[in-house]
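K.L.:
Next one to model:
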Amino acid sequence: MSDTHEALTAVAALEARLNRLEDARAVEQLKYRYAAHCDNAYDAQGIASLFTPDGRWVVDGEGGSNNGRVEITEHFKDLPKKILWAQHYVINPQVEIAEDGLSAIGNFRLLCLCTIARTDDAGAQDAVILTIDYTDRFVKRDGQWYFQELRGRTHQVSNWDQGWVKQPFRE
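P.N.:
Coordinates of the predicted model:
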């Protein structure tokens, strides 16, 4: 094997590693953009634009299930009536890019502080803390990453003054 061939092989391997790192970072940034849109009064158009046209948004507990950009948009248009303010802290990103570089799985955790309208008194609000684990699926189309599926599993939703020990799932 010639020195030139070895050098080209090393460059190709380095380029492949760099592409995977850049893709993993792009997927993380996509998740952070999602959180920023949520923190911007649940910007429905912004959130839906991060999904493929047939993408899915599934979150148990306070969430629900929505298929496609139209349903996702409608869900987030209504959400500010229930969740009046939110601050999403996405942590612990773990992103695995598929060998073909066109899909990925990402695991994230969420700590969210929010103000939620009370169900028993329309004029009252509660300061709430919630935690969710996400396992998301991503696809790369025309050089851009999108959510194929955002899937969240809620750990707890507690009023701030009660905490997760006294009130692991608020009523």
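
K.L.:
Name the residues linked to Tyr134 by a beta bridge.
P.N.:
Phe108, Gly152 (DSSP bridges).

K.L.:
Please compute how far the lengthiest helix in the chain lies from its chain's middle.
P.N.:
Ranked by number of residues, the top helix in the chain under DSSP state H is helix 3-39. Using CA atoms, centre = their mean, to the nearest Å, we find the averaged C-alpha position of helix 3-39 to lie 19 Å away from the chain's own average C-alpha position.

K.L.:
Report all helices and strands that that helix contacts.
P.N.:
Helices and strands touching helix 3-39, as assessed by 3 or more CB pairs under 8 Å, 6 or more residues apart in numbering; DSSP states H and E, comprise helix 44-48, strand 83-97, strand 103-117, strand 125-141, strand 144-159. (C-beta placed from N, C-alpha, C; glycine too.)

K.L.:
now do 6 Å
P.N.:
Using 3 or more CB pairs under 6 Å, 6 or more residues apart in numbering; DSSP states H and E as the contact definition, the elements that helix 3-39 packs against are strand 83-97, strand 103-117, strand 144-159.

K.L.:
what does the first one rub up against?
P.N.:
Applying CB atoms under 6 Å, 6 or more residues apart in numbering, the external contacts of strand 83-97 come out as 20, 23-24, 27-28, 31, 35, 38-39, 104-116.

K.L.:
Contact partners for the residue nearest the centre of the chain?
P.N.:
Centroid check for the chain by CA atoms, centre = their mean gives Lys31 as the closest residue, at 4.5 Å. Shown in contact with Lys31 (CB under 6 Å, 6+ apart): Val90, Phe108.

K.L.:
I'd like to know how many residues surround Ala104.
P.N.:
Ala104: 22 surrounding residues under other CB atoms under 10 Å.

K.L.:
For the residue lying closest to it once chain neighbours are set aside, give me the pLDDT.
P.N.:
Nearest residue to Ala104 in three dimensions, chain neighbours excluded: Phe138, at 4.3 Å (CB to CB, 6 or more residues apart in numbering). Taken from the predicted model, the pLDDT recorded for Phe138 is 98.

K.L.:
ok, what's across the strand from Phe138?
P.N.:
Partner residues in beta bridges with Phe138, using DSSP bridges, are Ala104, Phe147.
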